[in-house]
Each structure stands twice: as structure tokens, then as C-alpha cells.
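Visitor: Fold the following and give me the result.
(one chain, ligands or ions: 1)
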Amino acid sequence: MAVEQLTRSAEAEWGNWRWQQRSAIRTTEELLEVFPGLAGDRLEAIDRHTQTMRFQVTRHFLGLVEQTPEGAPRPDDPLWRQVMPADPEEAAPSSYSYDGTENWELPSEMVTPIAQHKYDDRVIVRAANVCHAYCQFCYEALRTLEKESDKPAFNLHHWDATLGYLLKHPEIQEVILSGGEPLMQSDEQLGRLLGDLRALPRPLAIRIHTRALAFNPFRITEDLCATLAEHGVTAVGLHATHVHELGPDFVAAAQRLQRAVPVLFANIPLLRGVNDSAAAIHELSMKLYMNGVARGYLYHFMPHSPGSERFRTNVSAGVEIIRALKRRVSNLAVPEFVLPHHTGKYTMPLLAPDEQPPQRATSASGEEVLRFRNWQDETIEYPDPALTG
Ligand code: SF4
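Guide: Residues are numbered from 1 along each chain as shown. Next up is the predicted model:
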């Protein structure tokens, strides 16, 4: 499409989620329409990357990226950094480099080709292997980013097998539609899946995980919300990374969801060079909270996702961030810091790297106390006699 035609079309259809999807940027030629000042060596790097990995970004998301006076994305822009493919030739291998193995979906947990039973009472359904746009840090990279992924895609045969598993396992109380991006399914298909879950002979909590509000907030249409409300979807988990994503379209989409779904919460991946500071997480968490989105997890980096190593920060950075926010920021906004490990998530205790866990001690007056450091870095003695008998 000629640039002039494209501009007219964009103005008319910007808020149409299908148009955003159709006209997403997938090639370096298209990228140059948005960022005419992008340097040739960066374009070549992207071309090299996309020989094996996916690259796709909606125009909506790129519209939130700050540009240099030359018309290139600012290299340190927190949104651009998430979607910009790394040059495979720049990546220095380390012990954390992607080693080709699965790090989350253990084969023993895949009870059908699309359903993962990791935790006792809930099952995650991989409802799509595709997304509105691709995050280059994706924790599901083997499913989403790899062009030659060997992960089974959603189909109705696998779905029927999943319903059969749910029928035979009454201990399962919650089904999570995740992906990829489950909202890549049509409203009609989602309605069928939700209807099937509601037809099971016991009540279930139904949760949907999505990144649509950042990449294509127009996907949250009134029709979609009516479908979610009709089938009593319990919760929607938004994935957000930086406050720059939370423009008016994101907020309006969240408000539409709030009218349809009782619980709206946010999960945040901790990413070096994107949001690895207390100020960035504070700003993001508070803006989410002030818009009625409750806290969820702050995820530490998931090792061994291909191409994601540049986003890795260390565990101490996450601990320091949460310690800086605890008690200083509303507890309804501060996320829970977890390490995703193939055995499951682990909530990190908020001990500073050089800090002792709480100690039993005897105070100057001879009392048995628990001694710990409080949020203001003071040493506190809390009377706590040991229980005997
Ligand atoms: S939208 Fe979610 S599943 Fe898709 S690439 Fe991003 S993090 Fe991965």
C-alpha cells in the first residue's frame, strides 16, 4: 500500500482492532514507514533476527514509542526495547543463554497438547500460539517467538480432550485461558469455549491472561465484554511493563473490562532497561491501581528464553525494588515478587542481599526477642518468648 493511502486508511481505522492487526508492522520496509530515520545496520540486524524468530508490532504500540529528531525510535525507549529484535550476532553467550530446553511447560504437566496442570487446583489452556505483537523477552518464546515452534497449536480436538480432562478431575477449580494471546481467538470462538466450560457439571473460576490492552486495546470491544460477562468470566490478568503503555486507549479498555469482569489485575515482568527501578515500578503500579487494576506478580526474568538475555537483571534488583515500595506505596498497588522456575513460582523473601533473616535474641533487659530490620532500615526487637510445653 502506498504511504499516502496508508495514512488515510490509518486515520479512518486506527481504533478498529482488526485493522490494527492487519496493518501490524512485520517487515523492515514497513518499519521504515513509521521510523524513516532507523539506521541501516539496525534494519539489517532485524532482518537477520527474523530469519528464525517472529517480529510483529501494532501501529498503536509503535505510536507510543518516543522518536529522535531524525525519526528513529529512541534506542532506550522502554517500549521499543521490548519489541526490537536483538541482533543474533551481538549476543554474547553466557550460562543464561537460551539452551534450547523447555523451562516452564514440563512434559509431565501437559495433560493434553494444550492444557498444562502445574498447580493443584488449576489448569492453564494454551488457547493460541500467536499474539497481537511479539515481546522479545517472551517467557513463552518457544511457543510464540520461534518461527519453527514445535508446540501444538490450539484446535477443537485438543479442546475436547481438555474438557474430558476437566470432567475427570474434580479437584480443578480454575481454568486459565492463556497463550500466546487468547484474545487472538474470535468473539464467537471464545464464546464457544467459555460456554463449554460453563456447561461442565461444577462451577469453575475462569481467568483470561492478555496483553491486548498494551498492544491492541481496541480488541476490548463492547461485544467481547458482553461475551465475557455472559459466561461469567471471573478474572482478567493484564500484562503490563511500563507506564508509557497506559495511554487513554489502555485505560478506556480497562474500564470496559471492569464493567464486564469482577476481577482485573496486572502481572509485570521485571526487565532490565525497561522497568528495573523502584521509580518505574512505582509509577506503573500506582497508575494501574488508580485505574482499578489490582496488583499481581512482578516476575523475575525467566531463564533460557531465546533472545531474551539482554532483559535479565539479578534477583537482588527485584528485592530492592519491592523493599523500596513496601510500606511507602499502597499495599494494594505493590506486586508480589516471584521467581518463575520450572517447578513453579517462588515468592522471594524481601531480605536485602547482606541481610540476616529475623534472629532470636535476648534483649538488654533479658527478654527473648525477635530481632529484624524494618522498612526504614532500623533494627527492631520484638518481644517473642519461645513457647514451651
Ligand atoms: S503477548 Fe505475551 S505471549 Fe505474546 S509475545 Fe508478549 S509476553 Fe509472549
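Visitor: And for the closest residue to the ligand within the stretch 251-389 of the chain, the neighbour number?
Guide: The minimum distance from the stretch 251-389 of the chain to the ligand, using Cβ to the nearest ligand atom, falls at residue 269 (7.4 Å). C-beta coordinates here come from the backbone N, C-alpha and C atoms, glycine included. When neighbours are counted by other Cβ atoms under 10 Å, residue 269 registers 23.
Visitor: next one: residue 199
Guide: Residue 199 sits with 8 neighbouring residues when counted by other Cβ under 10 Å.
Visitor: Which pLDDT value goes with residue 270?
Guide: Listed pLDDT for residue 270 reads 96.
Visitor: quick one on the thing from earlier: isn't the residue of the stretch 251-389 of the chain closest to the ligand right up against residue 239?
Guide: Yes - with contact defined as Cβ atoms under 8 Å, residue 269 counts as touching residue 239 (7.3 Å).
Visitor: Would you verify that residue 43 is located in a helix?
Guide: Yes - the assignment for residue 43 is a helix, going by DSSP: H, G, I helix; E, B strand; the rest coil.
Visitor: In space, what's closest to it - neighbours in sequence excluded?
Guide: residue 28 (4.4 Å; Cβ to Cβ, 6 or more residues apart in numbering).
Visitor: which residues does that neighbour contact?
Guide: Counting by Cβ atoms under 8 Å, 6 or more residues apart in numbering, residue 28 touches 43, 46-47.
Visitor: out of these, who's nearest residue 132?
Guide: Nearest to residue 132 among these: residue 46, at 18.7 Å, using Cβ to Cβ.
Visitor: ok, and the most crowded of the contacts of residue 28?
Guide: Most surrounded of these: other Cβ under 10 Å gives residue 46, at 19 neighbours.
Visitor: how near is that residue to residue 38?
Guide: Noted for residue 46: a distance of 9 Å to residue 38, by Cβ to Cβ, to the nearest Å.
Visitor: Need the residues touching each of the two.
Guide: In contact with both residue 46 and residue 38: residue 31, using Cβ under 8 Å, 6+ apart.
Visitor: On the three-state scheme, residue 237 is what?
Guide: Following three-state DSSP, residue 237 is assigned to strand.
Visitor: Show me where the stretch 101-250 of the chain has its strands.
Guide: Secondary structure of the stretch 101-250 of the chain (DSSP state E, counting those that start in this stretch): strands at 110-112, 115-119, 122-126, 174-178, 205-210, 235-239.
Visitor: Nearest to residue 66 among those would be which one?
Guide: strand 235-239 (21.3 Å).
Visitor: ok, and what's touching the closest one?
Guide: 205-211, 213-214, 228, 254, 257, 261-269, 288, 293, 296.
Visitor: Repeat the analysis, applying 7 Å as the threshold.
Guide: Contacting residues not belonging to strand 235-239 are listed as 207-211, 213, 257, 261, 263-267, 293, 296 [Cβ atoms under 7 Å, 6 or more residues apart in numbering].
Visitor: Nearest to residue 148, out of those residues: which one, please.
Guide: Taking Cβ to Cβ as the measure, residue 148 lies nearest residue 211 of the contacts of strand 235-239, at 22.8 Å.
Visitor: count of neighbours near the closest residue in space to the closest one that isn't next to it in sequence?
Guide: Spatially, and ignoring its direct neighbours in sequence, residue 211 is nearest to residue 239 (4.3 Å; Cβ to Cβ, 6+ apart). For residue 239, the tally of surrounding residues (other Cβ under 10 Å) stands at 22.
Visitor: For this protein, list the residues in contact with the ligand, please.
Guide: Within reach of the ligand by Cβ under 6 Å from any ligand atom, the chain has these residues: 131, 134-135, 138, 140, 144, 179-181, 211, 239.
Visitor: tell me which of those residues is nearest to residue 197?
Guide: residue 179 (16.4 Å).
Visitor: Would you check that the closest one makes contact with residue 132?
Guide: No - here residue 179 lies out of contact with residue 132, judged by Cβ atoms under 7 Å, at a distance of 10.5 Å.
Visitor: ok, residue 195 to the ligand distance?
Guide: In this view, residue 195 and the ligand are 25 Å apart by Cβ to the nearest ligand atom, to the nearest Å.
Visitor: show me what contacts the nearest residue to that residue once chain neighbours are set aside?
Guide: Nearest residue to residue 195, sequence neighbours excluded (Cβ to Cβ, 6+ apart): residue 231, at 6.2 Å. Neighbouring residues of residue 231 by Cβ under 7 Å, 6+ apart: 191, 194-195, 198.
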